[in-house]
Every structure is written in C-alpha cells, then in structure tokens.
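Asks: sequence first, then the predicted structure:
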There are 2 protein chains.
Amino acid sequence: MINSWALKVKSFLTWAVLYCIYLIFNLLFSRKLLAGENNAMKTIHIGILGFGVVGTGVASLLTQKKDLLESRIGARLNLKTIADIDTQTDRGIDLGTTALVQDAMAVLTDPDIDIVVELIGGETVARKFILTALENKKHVVTANKALLAAFGNELVNTARKNQADLAFEASCGGCMPIIKTLRESLVANDINTMSAILNGTCNYILTRISQDGSSFEDALKTAQKLGFAEAEPSLDIDGHDTAHKLAILNSLAHGMEINLKDIHVEGIRHITPTDIEFAKSFGYTIKLLAIGKFHGDHVEARVHPTMIDNANPLSHVDHSMNAIAIDANATGKTMLYGRGAGMMPTASAVLSDIADIARNIICSTVRRVPILGYPEDNIRKIPILPMKELMTKYYLRFEAQDHPGVLSRISGILGENRISIRSVHQKGRNTSGRVPVVMITHTAKEAWVQTALSKISVTDCVVGDPMVIRIEDEVA
Amino acid sequence: MINSWALKVKSFLTWAVLYCIYLIFNLLFSRKLLAGENNAMKTIHIGILGFGVVGTGVASLLTQKKDLLESRIGARLNLKTIADIDTQTDRGIDLGTTALVQDAMAVLTDPDIDIVVELIGGETVARKFILTALENKKHVVTANKALLAAFGNELVNTARKNQADLAFEASCGGCMPIIKTLRESLVANDINTMSAILNGTCNYILTRISQDGSSFEDALKTAQKLGFAEAEPSLDIDGHDTAHKLAILNSLAHGMEINLKDIHVEGIRHITPTDIEFAKSFGYTIKLLAIGKFHGDHVEARVHPTMIDNANPLSHVDHSMNAIAIDANATGKTMLYGRGAGMMPTASAVLSDIADIARNIICSTVRRVPILGYPEDNIRKIPILPMKELMTKYYLRFEAQDHPGVLSRISGILGENRISIRSVHQKGRNTSGRVPVVMITHTAKEAWVQTALSKISVTDCVVGDPMVIRIEDEVA
C-alpha cells in the first residue's frame, strides 16, 4: 500500500521534473541563449489595413525587398492579408500568396498575424481598428498623424495595457527617422528647440511664390495640378497637418502627453508675393514652421509662417521637401532633411517600424523602447505657453495712408505698447495712393503686438488688417 | 528498506521540482513577463577608458543628465570607473562616487561593469582593451573610427563569439544618427548613393578659402588657431579620417566587410582659390566628399575633393559642420546635418549607444540589431571598383602656354582618349605669360583621363601638373 503510493508519487514527480526541464529548455531556446544564431528562421506575419497609396508602397517593399529584409532582419516577413473596401482595382503589384479581403476583422482577429499596419487614415474607423488590434495583443504600425494627435494618449495607454507595441515613424517627416532620433539617439539631450518644415504642400507653394512671384492662389493651382496639393487643401495649407505632427514631436521630445488643442495654428493663405519680396530684401525666407521650444516648466508649440535668416539651413529646403532642425544641449544644431510624404518614402518609414517590432519579436521582447520615448509612468503634463505670452520678433506690414504723420502715429502706438522698432521700410505708393510700410520689431510680447495692432487699426492711418509674420532669427 | 528508498527519492524529487519551479520563475521574471513594469529599477554599470575630451563629455552627460537618462531608460546608469593614465588633471566635473584609476584592467576585469566605453583612440592599446572587454563578455561602445576601419572585422567577430554588443554611433558623423539610420531606419532600402562631408577640419578650411579667398596654408593656420585643426593635421586634411568613416558607412550600407585599403583617398592640400573661383563661376562648390555608390555586384568608395552643384544641399554645409546625403530606392534623397566632432556632440552619440545597450540589458536580450546591420552570416564581400574604372565628369585646369595651337593640341589629346569636352574656360594670362585653361568634360573613365593627362604633360603646351577635380552633378 505504502509502496504503491510511493511509486505513484515517484512517477508523478519524475514526470513533473521532466516537464519542468522541458519548460526551462523551451524558455532558454526561445531566448536564443542555447540556440545560438542557427535556430530555424522565424516567420513574422503582417496584415495591412488600407490598400491605398501608402498601403501599396508598403506591400511592394514587403514583396520586392523580401530577400533584403530577410537578410537584414534574420526573419521572414510574410504579408499575409491586406484588407480594403476596394479589392478590385489593380495596384500593379504581384501579391503572391497574400490574401486581399474586404473585412478588416480578417486581419484583426487572425491569430497568426503579429503586426497590423493601419494605413486607412482618418479618426473614426482607423481608431476603432487600432484599438481592436491592440486589444487582440497585436503590434500596430500606423502613419496616421491626425489620429495620433487627437487620440494619442488613448492609443498609448491601450498599447501599454495590452503589452503591445505601437509605432509611427511614418507619421512625421515621411522617410526621415525623426521619431527614432528623438526617442533613441537624442536620449541624453534636452531638446531646446525644434523648428521644422513638415508639410510639402505648403513648402511647395511658398517656394513657387518665392521663385515665380505668383500669387498664393496661382501657386496652389499649380501644386494641385502637379499632385503636390489635394483638391481640398485646407488640412495642409491652414497648418493643421503640421500641427498634428508637431503635437507628436513635442510629446516625444519632452516625454509629455500629446496635446493638440493648445498648439497655435496659422496657415499660409494670406502670404503675398509682397511679403516674400520684403523678406528677401532683409536676407530672410518665409517658411511655414512648426516650432517647439523647451523652457523646463513649459514649452512653446506653434505653427505659423515664419521669417528665417538665409543662413539657417531650413531656408534652403525648397519645393515639397521637408526638414527638421533641432537644437539640443549636447548635439548643438542638427537637421534631418528628406521627403515628408509620398508612396515610397512613407512606406520606407513604415518598414523601419515593422523591422523594429520584428527584431523585438525575435528577441522575445516587447516595447523595448517606450512608445513616447519615456516609460508611461514618467510621461508628464507640461503646459504649452499661451500664444499671448510669446516673446519673439515681428514683421508688420501696414497699408498706410500716404499723408504726413502716419508713420509717427503708428510707431507711437507701438512704442506706447512697449514694442521697440528695429527698422522701417517703405515701398513706392500703389495705385490707390497707399504705401506698404514694413516695420521689423525687436523682441516683443505677442499680447503687446495684438493690442497695438488693434489700436492702430481703428485709426485712419491704415487700411485693412496688417500683415503679421513672426521672425525667428535664431532657430536651429 | 524499500520504504526508506522511496522516501529518499520522494524527497530528492520534491526538491528537484521546487528548484525547477524556482528556475522557471527566475527566467520569467528576468524577461519581465511576470514582473510587468514595476520591478525594481536596474542599475547598469559603466566603465570609461580614456578621460580626454570625449571621455570628459561622456562623464559629464552621465552625471549631469542622470535623472533625464533614468527617466527615459527606466534604469540607473552608474559610471563606476574611469581609467586614464592622467588621474591628476582637473576636468572640471564632479565625479561623485566614480573611481578614477590608472589601470584599465580595473575596468576590464570588474565583474560589475556591463558596458565599457573606449575613448582612448589609436589602433594598438585601444584594440587590445576592446578585445579584452569583449572576451570578458562586456559590451563595448567606441568612437574609434581608425580602429574600426582597420580592425573592424576582427572586432565584429570577437563580439559575436562572446555574445557581446559593439556599438559605434560616435565613430561617424559625431552627433548625427547615421549608424542607426543605416542599420535600422533604411532597412528596406538599397543605399544607392552616399555622399558625405565627414571631416570638419577640411570643411572649415574649404569654407575659409571660398569665403576669404585665402590660400590653403593660411586657411589651415586659421583653423589651427581656432581649434578646428590639429597641430599635425595630415590625418584630416589628407582625407584619411574621412576614408575611415566611409569604410564604416559602406560596410553598414551594404552589409559588407569593412575594407579600408580599397578606398581611394585624396586630400585637400592642393586646392587653390583659383579652383574655388572657377567652381563658383559654374555654380559649383568644392567639398571633400566621401562617396559610396552601390552597383549590385560592386560598389564605389572614394574620398576626394568634389565639385557639386549649388542646388545640392551639401553645398550649403559650411564651416566645421558635417552632413551625409543618401539617395536610397524608397526614400529618395535625404540628408543628415550636424556637428561631426567636438566634446558634447560626440558624447551625445556615445550616450545613445549606451542607452541602446542598456535597453537590451533591461529586456534580457543582446545584439538585437546586428553590429553591421546584417547578421554576421549574411555579411558579404563586395568588391570596390578600382579607381581607374570610375566613370565621372572632370574639371581639368592646365597652366597653358599662351601660344597658338595649344588649346587644339590639349583638346585633341583628350579627344583621342575618348574624353568629350563639355566646355572650355580661360582666365586672363598671369605674370609668367601662362593662361589657366579649364575644361569640363562629359562623363569619362578615370583611366582615359589619366592617360590623356600624362600625354598632355609631356607636350610643351602646359607647365606643371594639371589640377583634376571630379564633378558629381547628381549626388544626393
């Protein structure tokens, strides 16, 4: 009796030991501590949501660069499924064994799929799909800056809760590795200043006005004809797309919550060839800049047309090119330059995210670099400086009445509001008998300038609203 | 008897099971699968070899940015020991509990130290120390481009054998994240062209000649006075430092063995204000470029003064700034711009390597990204095109005798050697009665040009050696 009990125990314990040994080996192998580098090549399955321009680019890189990717990453990247409402249009690529389906759930619920690439855009369906993917423990790669800017904190928290990765290199600056640079390379730096050209449409239009002297409207039409602007261009030209990107960059630069609504946004609709000519005569260029500055307890985050010195490398970034200049405490001034949009540049950035996550999977790790570059518990809320508190220099252009005393009246009101004038410039009167008068100020507070301008506008000295363009002499 | 034996077995097996369970939990915890993100903060110990300029920069970032680094990485980076022959000089930083010792072995054999940072430079002692560190299973971070270019393959193989990481972001381009960009961000790209300004000394001197019209010698003296050039400047101005960096970039761009000796190297000693003036008149700028081009079965890798179009963003990279332009198949043209040397920019790059390795340690992984961007088994030997096979355009300046028939004779010899001339330019004769004649060629083979030039030099048409500067119209 005792004997048989002892034997049962012995047999049970023997099996338990063997099972434990099996588990240990399993773990060791999965960490490649024993397997070395010769273990069988892993296959990582990818699903794409949205088979539009960028989706097609990503699919074509995954198929055409299959060998390169395998040779670099040491794993197979298998594009298992693409979901898009339109399964009929020929995108001109051979999908091989990849399934093209209409139902996104075929991607989101497929237990094989490790990485979901969201390339639908917009803030409703895309949001729902990304949340579902994360809740299903899938890693997500997205290029959706609008969604990240509006719902970034929700997505970050959902990814955290589900121990999934969320990557978005393609959301800002296209092929430029700005997300990786901020999260990883500049790790020991305070990012004092970021100033960036992040919208190819705006930069193309400003370049055209500058080079041809054409009006904003004509430049926009040319941009639309050449495919550099959408038929409905307001997201771009009113600065919102740039603001979405700045919100993301800001949060990464300082480990702070994404906060779109506090970013001041102005677009480029009102920029005239006259202003660009004046800028040239001062050795300046006008660019739509995203500006982020760090002041320890608060940050600046603003998007507006900006005059920059021609010695600033950003002034040479023309046409649809993008660039991000960073002034950080250890690096000093640096800049990334490249295409901020387009099928293949964006797809290149998406692939770098996929590769990063694939390397994590191979190493049996996850979220190796926190999503915003700081572990979520260390993400802070840093207030954004209200625009009226901004201190900067200003270009002010008035359509002044051409009679005596006008200049003295305008400069008097500016002076009463503590705004000191660096220089005054005047151009020959126009047909209506009015003279464009330009004043460049020393550093002044935005609130003072707005007060002074509203006082000037009710005098009989000027006609119409003055043009206000902020000047950044010292941007990186 | 049987009973007692059964009890012994039972007791032994019980302990075995408990021990196995302990091991499993241990492994799970070390992978943070069970521990979540709330496990106690890890400390990663760092040792620095070499307390010179960059060593001081790294030590100062590790101490001054301690909180920032901890908040970003989620681990403590403890600078445990610095080894340097000179332990007396005050470097102006408070080392706190960090030991400053003379014996490098105190770092290399300390079982606590996870990461060894080699900042001694040179190819003998540094090599020995790095190999020892790797053999002691320590991860190594180095900025030593000369060593990597000469002994890179040995270091890579030693790191592999010992399952240690070897990182060198600071070796090329200072604070610019070019290593990370090539290894990770451009993973889905063929790197068709790299063209880079990688030496601040040369770029400073060329900028001075261009801006002041000063001679090379005067510009060098100014650079030395301002600290932009060494007292013994040949490593920089003869192009070797640039070649070291190109060797490293080339190997990363294409997953090929580091191969310094096949890189063609020319410096800038012979560049004159006359050439720079001619260049300007053509809309060109002269820069010392590292050029790498990928042709599938072979690559180009060469360092020489190069005329580039002023529309090329590299032409605006002035003074001691560096930049790397890349033309890759998916991204198109991109560029990184920043400080390529100096205490803090270099330290910033070293810190990004340290953070990368620290994140690997936290995730219990190692060598997550292969050292050269490709798993070692996939590293190829790709031949470098012999210089005589190069096809490019040429700027040729002759000191021509000012008599009839000279131009026809020179162009005749060029024509006989299949070199077709795009344009001819002449400047007023100099005091010796000779005329500088400049010819710009269409694309020609280097061998043809060298043959033609040696034939021209034995005629009585020209005096002295002609100036040859290669033109890259289409660099990224």
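Replies: Here it is on my side, so go on. All values derive from a computational prediction rather than experimental measurement.
Asks: domain parsing for chain A?
Replies: Domain segmentation of chain A under automatic domain parsing yields A:42-175+A:345-378, A:186-338, A:389-472.
Asks: quick check, central residue of chain A?
Replies: Central residue of chain A (Cα atoms, centre = their mean): A:Cys172, 2.5 Å from the mean position.
Asks: just give the nearest non-adjacent residue to that residue, would you?
Replies: Leaving out its chain neighbours, the residue that sits closest to A:Cys172 by Cβ to Cβ, 6 or more residues apart in numbering or on different chains is A:Lys245, at 4.3 Å. No exception for glycine: its C-beta is placed from N, CA and C like everyone else's.
Asks: again, but for A:Ser185
Replies: B:Pro177 (3.8 Å).
Asks: ok, now A:Lys455?
Replies: A:Lys455 sits nearest to A:Ile413 (Cβ to Cβ, 6+ apart), 5.1 Å away.
Asks: and if you look at A:Asp460?
Replies: A:Gln401 (6.7 Å).
Asks: thinking that neighbour is in contact with A:Cys461, fair?
Replies: Yes - using Cβ atoms under 8 Å, A:Gln401 is in contact with A:Cys461, at 5.9 Å.
Asks: show me what from the stretch 51-200 of chain A comes close to chain B.
Replies: Residues of the stretch 51-200 of chain A lying near chain B by Cβ under 8 Å from any Cβ of the partner chain: A:57, A:61, A:65, A:68-69, A:71-74, A:169, A:174-177, A:180-181, A:184-190.
Asks: on that earlier part again, OK, contacts around the residue nearest to A:Ser185?
Replies: By Cβ atoms under 8 Å, 6 or more residues apart in numbering or on different chains, the residues touching B:Pro177 are A:177, A:180-181, A:184-185, B:169, B:336, B:349, B:352.
Asks: try A:Ile191
Replies: Going by Cβ under 8 Å, 6+ apart, A:Ile191 touches A:182, A:253-254, A:292, A:294, A:326-328.
Asks: which of those residues lies closest to chain B?
Replies: A:Ala328 (7.4 Å; Cβ to the nearest Cβ).
Asks: for B:Gly338, see how far away the residue nearest to the closest one when sequence neighbours are not counted is.
Replies: Closest residue in space to A:Ala328, ignoring its immediate chain neighbours: A:Asn189 at 3.6 Å, by Cβ to Cβ, 6+ apart. As judged by Cβ to Cβ, to the nearest Å, A:Asn189 and B:Gly338 stand 12 Å apart.
Asks: what is in contact with those two at once?
Replies: Joint contacts of A:Asn189 and B:Gly338 (Cβ under 8 Å, 6+ apart) are A:Thr331.
Asks: neighbours of A:Glu232, how many?
Replies: A total of 8 residues lie near A:Glu232 under the criterion other Cβ atoms under 10 Å in any protein chain shown.
Asks: next: A:Val435.
Replies: 18.
Asks: which residues touch it?
Replies: By Cβ under 8 Å, 6+ apart, A:Val435 lies in contact with A:399-400, A:402, A:426-429.
Asks: what does A:Ile469 give?
Replies: A:Ile469 makes contact with A:271, A:275, A:279, A:286, A:304-307, A:394-395, A:397, according to Cβ under 8 Å, 6+ apart.
Asks: sort out which of those residues are in strands and list them.
Replies: Those of the contacts of A:Ile469 mapping onto strands are A:286, A:304-307, A:394-395, A:397, per DSSP state E.
Asks: which residues does the nearest residue to A:Asp165 once chain neighbours are set aside bridge with?
Replies: Closest residue to A:Asp165 apart from its sequence neighbours, by Cβ to Cβ, 6+ apart: A:His139 at 4.1 Å. Assessed by DSSP bridges, A:His139 has beta-bridge partners A:Ile115.
Asks: and A:His139, how far is that from chain B?
Replies: 15 Å (Cβ to the nearest Cβ, to the nearest Å).
Asks: can you give me the buried ones in stretch A:278-294?
Replies: Buried residues in stretch A:278-294, counted by 16 or more other Cβ atoms under 10 Å in any protein chain shown: A:278-279, A:282, A:284-294.
Asks: closest one of those residues to A:Glu389?
Replies: Distance to A:Glu389, by Cβ to Cβ, is smallest for A:Lys293 among the buried residues of stretch A:278-294, at 12.2 Å.
Asks: now the helix or strand where that closest one lies, how far from the centre of its chain.
Replies: Taking DSSP states H and E as the definition, A:Lys293 sits inside strand A:284-294. Offset of strand A:284-294 from its chain centre (Cα atoms, centre = their mean, to the nearest Å): 15 Å.
Asks: same question for stretch A:263-282.
Replies: Taking Cα atoms, centre = their mean, one finds stretch A:263-282 lying 23 Å from the centre of the chain it belongs to.
Asks: identify the residues contacting that stretch?
Replies: With Cβ under 8 Å, 6+ apart as the test, stretch A:263-282 has contacts from A:202, A:205-206, A:209-210, A:213-216, A:234, A:237-240, A:242-243, A:246-247, A:250, A:285-286, A:288, A:301-305, A:307, A:384, A:387, A:395, A:397, A:425, A:427, A:436, A:438, A:440, A:467, A:469.
Asks: and if we set it to 7 Å?
Replies: Residues from elsewhere that reach stretch A:263-282, judged by Cβ atoms under 7 Å, 6 or more residues apart in numbering or on different chains: A:202, A:205-206, A:209-210, A:213, A:215-216, A:237-240, A:243, A:246-247, A:285-286, A:288, A:301-305, A:307, A:384, A:387, A:397, A:425, A:436, A:438, A:467, A:469.
Asks: end-to-end on that stretch?
Replies: 29 Å (Cα to Cα, to the nearest Å).
Asks: can you redo the contacts of B:Pro177 as TSV with pLDDT and secondary structure?
Replies: Listed next are the contacts of B:Pro177 as TSV, based on pLDDT from 0 to 100; DSSP: H, G, I helix; E, B strand; the rest coil:
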residue	pLDDT	secondary structure
A:Pro177	98	coil
A:Lys180	98	helix
A:Thr181	98	helix
A:Glu184	98	helix
A:Ser185	98	helix
B:Glu169	98	helix
B:Leu336	98	strand
B:Ala349	98	helix
B:Ser352	98	helix
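Asks: between the residues you listed, which is closest to A:Cys363?
Replies: Comparing those against A:Cys363 with Cβ to Cβ picks out A:Glu184 as the nearest, at 15.8 Å.
Asks: still on that earlier bit, quick check, the residue nearest to A:Lys455 in a helix?
Replies: Yes - assessed with DSSP: H, G, I helix; E, B strand; the rest coil, A:Ile413 lies in a helix.
Asks: how many residues are close by A:Asn360?
Replies: Counted with other Cβ under 10 Å, the neighbours of A:Asn360 add up to 20.
Asks: could you look up the SS state of it?
Replies: Counting by three-state DSSP, the backbone at A:Asn360 sits in helix.
Asks: as a markdown table, the contacts of B:Pro177 with distance to A:Lys161 would be great.
Replies: Output for the contacts of B:Pro177, formatted as a markdown table (distance: Cβ to Cβ, whole Å):
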| residue | distance to A:Lys161 |
| --- | --- |
| A:Pro177 | 28 |
| A:Lys180 | 24 |
| A:Thr181 | 28 |
| A:Glu184 | 24 |
| A:Ser185 | 28 |
| B:Glu169 | 33 |
| B:Leu336 | 36 |
| B:Ala349 | 35 |
| B:Ser352 | 29 |
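Asks: looking at those residues, which one is closest to A:Met194?
Replies: Set against A:Met194, the nearest of these by Cβ to Cβ is A:Thr181 (10.8 Å).
Asks: who's in contact with the closest one?
Replies: Each residue near A:Thr181 by Cβ under 7 Å, 6+ apart is listed here: A:336, B:177.
Asks: likewise for the one 5 residues further on?
Replies: Residues counted as contacts of A:Leu186 (Cβ under 7 Å, 6+ apart) are A:328, A:331.
Asks: quick one: pLDDT of it?
Replies: Looking at A:Leu186, its pLDDT is 98.
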